[in-house]
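Give me a model of this one.
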Amino acid sequence: MSLLNPKSVTFDIGGGRMVTIETGKMARQADGSVTVRQGNCILLATVVANKEPKPGQGFFPLSVDYQEKFSSAGRIPGSFFKREARLNDYEILTSRLIDRALRPLFPEDYLCEVQVLVSLISSDDQVMPDSMACLAASAALAVSNIPIQEIISEVRIGRINGEMIVNPTRSQMAASDFEFIIAATDKNIMMVEGESNECQEEDLIKAIETGHAAIKLQVKAQEELRDLVGSATKRDYTKPYRNEDLNGKITAFGKDKMYAISSSASAKHERSDAYAALKEEVKAFLGEDLPDADKVLIGHYFADLQYYVVRDMILQDRKRLDGRGTEDIRQLEMEIDNLPTPHGSSLFTRGETQSLTTVTLGTPLDELLVESAHKSDYTKFILHYNFPPFSTGEVKMMRGVGRREVGHGNLAMRSLKKMMPGSEYPYTVRVVSDILESNGSSSMATVCAGSLALMDAGVPLAKHVSGVAMGLIKKADEFAILTDILGDEDHLGDMDFKVTGTRDGICGVQMDIKVDGLSMDIMRQALAQAKKGRMHILEAMYACMPAAREEVKPHAPRMVKIIIDKEYIGAVIGPGGKVIQEIQRETGATINIEEVDNRGEVSIFSKEKASLERALTWINGLVAVPVVGDTYEGTVKSIKEFGAFIEFLPKKEGLLHISEISWKRLESMDGIFTEGEKVKVKLLDVDQKTGKFKLSRKALIPKPEMQPKPQQGEGSN
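Take a look at the predicted model:
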């Protein structure tokens with residue numbers, strides 16, 4: 001009898017592309033384990049949950065890690081230790097996509113620790129595994145007895161020649177004009193993230209609808225596998241202690257006071273201090289005789305009270321925490337060129353959110369290596385987002401870049417990259433956003449500040465890109481869509497919807513929905529309101545910086561790119577790099593040569609114009625084809641009795657014969673030239689057999705007029 005008892009289901013995701021979900025064969029000691037396969041791409045997903053929550057724990061500890069094994073593609077990692085190390089940015093971003101979709105599936109009172117691990121164990125050149133990672137994670141939960149409320153899945157939607165494609169191949173994605181990742185249950189959209197080449201709002205709606213139709217089929221397949229395994233019944237779990245009588249007392253005492261604070265339109269810190277003071281009043285009202293278990297609940301019920309009071313205030317009174325209307329954007333302040341040394345800089349302030357963003361221009365040698373199991377590639381556009389604790393008035397340990405920073409930076413990077421110049425632009429560009437204040441959507445501040453700083457640096461951005469964060473408060477049939485949400489409105493709301501774009505369309509989207517039954521009509525209204533807000537910010541940005549600087553700043557590296565024939569690449573580099581190293585050493589310029597489309601692209605960088613021009617002249621000389629009849633300024637390299645050898649182009653010497661130096665007959669070369677002397681010459685001929693060059697100096701000197709001979713008898717008396 002076999003040790004293994006695998007069960008599987010197979011379904012078509014479109015175009016005859018079959019996906020198989022299998023369980024019971026691998027990682028059987030996990031609470032749930034599946035493999036998901038399409039073509040040669042195989043993902044292994046496992047999920048394990050503790051049976052009991054940790055004592056005193058008041059939150060749900062879910063951890064999600066997605067990792068690509070290099071062995072899946074037959075590769076060895078390039079790191080020093082030759083093994084997979086910490087997750088790279090791509091793996092972190094994929095982990096976040098899974099996490100954001102899974103988290104709402106668990107009951108609110110479920111506090112046991114859950115760990116979800118998804119690994120790429122076999123790779124396919126055309127199948128993109130990240131679009132199936134959430135399917136694998138959800139299926140592992142579905143076949144487990146861990147208590148989840150619903151089954152979900154996630155798909156990528158691309159558009160090629162106007163046609164929506166579900167989970168397109170890598171080659172198809174190269175031709176797609178947008179890319180959206182959509183997560184949903186069979187009834188509700190839960191998450192959307194992606195980018196586009198200035199698509200319209202209705203295009204996004206169609207992509208969501210296409211993705212949801214595909215997700216329904218994947219949810220059905222998971223339900224079939226769950227029923228085959230017999231895991232429809234989920235385990236019981238210990239629910240946290242609650243005391244509704246205590247909740248009633250806190251609500252009765254604090255509701256009106258909570259409303260007064262929330263409707264005061266005060267600043268963030270003043271409001272936070274008032275909430276903290278009210279919490280102390282509640283504790284004093286309840287007294288010191290409360291059991292310890294009830295004392296722990298005060299913070300929980302106080303947070304609930306704030307949640308319901310603020311939401312009702314917004315829905316019923318159309319009043320927001322800072323006094324704005326639902327469509328109002330906070331005051332904007334923008335500066336450019338505010339730092340003297342960076343190549344570009346901006347300070348963008350929107351209410352209590354502020355980004356100080358810098359741009360640095362580098363050479364192709366500064367490109368970032370992005371390594372994955374599928375391939376290693378270089379990128380010339382880098383954006384880093386930093387969120388120090390002082391930005392929210394907190395004290396925290398600085399432990400390096402967190403997943404939140406990677407995710408927020410990625411949204412800004414994808415949005416701005418849509419307007420960056422193409423591959424012909426030789427600079428490597430690094431944008432760094434340091435968040436100095438945060439109270440709502442610092443990632444959108446990064447987009448706006450980044451656009452301004454790029455134009456300040458002279459990067460030829462086609463158009464400004466702005467971003468705005470939208471919120472939603474929904475209760476039964478009542479709802480309020482909020483433009484430019486605060487941090488508290490994000491926390492208390494039912495949707496966090498970030499939209500970036502130009503005057504002509506959407507460039508980036510990130511949306512998390514926390515409420516069931518969100519209609520497409522509400523989403524259309526949210527998109528229309530977001531567009532209005534985006535345009536308002538764009539107008540202010542254009543007023544601050546109408547267009548990119550025509551030139552980079554004086555202290556930024558100068559750049560010029562020339563195209564040379566492929567056959568001359570070796571001449572510029574020289575044996576063992578000798579020639580290019582000499583040029584860089586003598587001129588102080590940095591030179592990069594790449595073979596692109598069967599030709600050579602030479603990029604020359606220097607902080608000094610004279611240095612750049614000298615290097616350019618040198619390289620032009622190396623690749624120039626001598627033209628008979630052209631004039632050159634050469635250098636005397638050696639002097640012989642019959643003439644001088646002149647280097648008229650780099651590494652190209654010709655003979656200036658003694659008879660071609662002057663119209664006057666010269667008896668010898670003594671005192672005519674010195675080695676190293678500059679002399680203008682004309683190329684007379686190239687010997688077709690030997691390739692030797694014949695030069696002339698006298699051809700550039702006007703021929704003296706012949707003096708007439710005196711006739712016999714002239715001049716005598």
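
Alpha carbons of the helix or strand harbouring residue 172, as PDB, please.
Using DSSP states H and E, residue 172 falls within helix 170-173. The C-alpha trace of helix 170-173 is given here as PDB (Å, rounded to 0.1, in the frame of the first residue of the first chain):
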ATOM      1  CA  ARG A 170       5.900  36.500 -20.100                       C
ATOM      2  CA  SER A 171       6.100  37.200 -23.800                       C
ATOM      3  CA  GLN A 172       2.500  38.300 -23.900                       C
ATOM      4  CA  MET A 173       3.200  40.700 -20.900                       C
END
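
What strands line up against the helix or strand just after that helix, and which way round?
Remark: after helix 170-173, the chain's next helix or strand is strand 178-184, criterion DSSP H and E. Applying DSSP bridges, strand 178-184 is found paired with strand 153-160 (antiparallel), strand 189-199 (antiparallel).

circling back: could you name the helices and strands sitting against the helix holding residue 172?
strand 153-160 (3 or more CB pairs under 8 Å, 6 or more residues apart in numbering; DSSP states H and E). Heads up, the C-betas are built off the backbone N, CA and C, glycines and all.

what about 10 Å?
Where contact means 3 or more CB pairs under 10 Å, 6 or more residues apart in numbering; DSSP states H and E, helix 170-173 is packed against strand 153-160, strand 163-166.

So for that helix, mean pLDDT?
For helix 170-173, mean pLDDT rounds to 94.

again with stretch 265-277
Stretch 265-277 comes out at a mean pLDDT of 89.

Run the chain-centre distance for that stretch.
Centroid separation between stretch 265-277 and its chain, computed with CA atoms, centre = their mean, to the nearest Å, is 35 Å.

What residues sit buried inside it?
Residues of stretch 265-277 classed as buried: 266, 268, 271, 274, 275 (neighbour count, 16 or more other CB atoms under 10 Å).

follow-up on the earlier one: deepest of the strands paired with strand 178-184, which one?
strand 153-160 (a mean of 24; mean count of other CB atoms under 10 Å).

Residue 125: what's it in contact with?
Applying CB atoms under 10 Å, 6 or more residues apart in numbering to residue 125 gives the contacts 39, 40, 41, 73, 169, 170, 171, 374, 375.

let's go with 6 Å and repeat that
Contact analysis of residue 125 by CB atoms under 6 Å, 6 or more residues apart in numbering lists nothing.

tell me, how many neighbours does residue 558 end up with?
Other residues within reach of residue 558 by the criterion other CB atoms under 10 Å amount to 18.

any idea how far it lies from residue 658?
43 Å (CB to CB, to the nearest Å).

Also residue 11?
89 Å.

Wasn't residue 78 part of a helix?
No: under DSSP: H, G, I helix; E, B strand; the rest coil, residue 78 sits outside any helix and is assigned coil.

centroid residue for the protein?
Nearest residue to the geometric centre of the chain (CA atoms, centre = their mean): residue 413, 3.1 Å.

ranges for the strands of the stretch 601-717 of the chain?
631-640, 643-649, 652-657, 678-686, 693-696 (DSSP state E, counting those that start in this stretch).

can you pull up the bridge partners for the residue nearest to residue 563 when sequence neighbours are not counted?
Distances taken as CB to CB, 6 or more residues apart in numbering place residue 599 nearest to residue 563, at 5.7 Å, with adjacent residues excluded. Residues in a beta bridge with residue 599, per DSSP bridges, are residue 565, residue 596.

measure residue 599 to residue 617 for me?
Per CB to CB, residue 599 is found 21 Å from residue 617.

again with residue 365
Residue 365 is 22 Å from residue 617, by CB to CB.

same thing with residue 23?
Computed as CB to CB, the residue 23 to residue 617 distance reads 69 Å.

Counting neighbours, go ahead and name the busier of these two.
For residue 23 and residue 617, the more surrounded residue by other CB under 10 Å is residue 23, and the numbers stand at 27 against 12.

Now that the more buried one has come up, it's in contact with residue 34, right?
Yes: at 4.7 Å, residue 23 counts as touching residue 34 under the criterion of CB atoms under 6 Å.

count of neighbours near residue 477?
5.

ok so, going back, more neighbours: which of residue 11 and residue 658?
Per other CB under 10 Å, whichever of residue 11 and residue 658 has more neighbours is residue 658, with 18 against 15.

The closest residue to the more buried one other than its chain neighbours - how many residues pack around it?
Leaving aside its chain neighbours, residue 658 sits nearest to residue 643 (4.7 Å; criterion: CB to CB, 6+ apart). When neighbours are counted by other CB under 10 Å, residue 643 registers 20.

what packs against the helix or strand hosting residue 120?
Assigned by DSSP H and E, residue 120 belongs to strand 114-122. Under the contact criterion of 3 or more CB pairs under 6 Å, 6 or more residues apart in numbering; DSSP states H and E, strand 114-122 touches strand 41-49, strand 62-68, helix 130-142.

Put the alpha carbons of the helix or strand that the shortest one is followed by into CSV.
Heading C-terminal from strand 62-68, the first helix or strand you meet, by DSSP H and E, is helix 89-102. The C-alpha atoms that make up helix 89-102 are tabulated as CSV, following Å, rounded to 0.1, in the frame of the first residue of the first chain:
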residue,chain,number,x,y,z
ASP,A,89,12.1,42.9,-3.2
TYR,A,90,10.2,40.8,-5.8
GLU,A,91,9.6,38.1,-3.3
ILE,A,92,8.6,40.6,-0.6
LEU,A,93,6.1,42.2,-3.0
THR,A,94,4.6,38.9,-3.9
SER,A,95,4.4,38.0,-0.2
ARG,A,96,2.5,41.2,0.4
LEU,A,97,0.0,40.5,-2.4
ILE,A,98,-0.8,37.1,-0.8
ASP,A,99,-0.9,38.5,2.8
ARG,A,100,-3.3,41.4,1.9
ALA,A,101,-5.7,39.0,0.2
LEU,A,102,-5.6,36.2,2.9
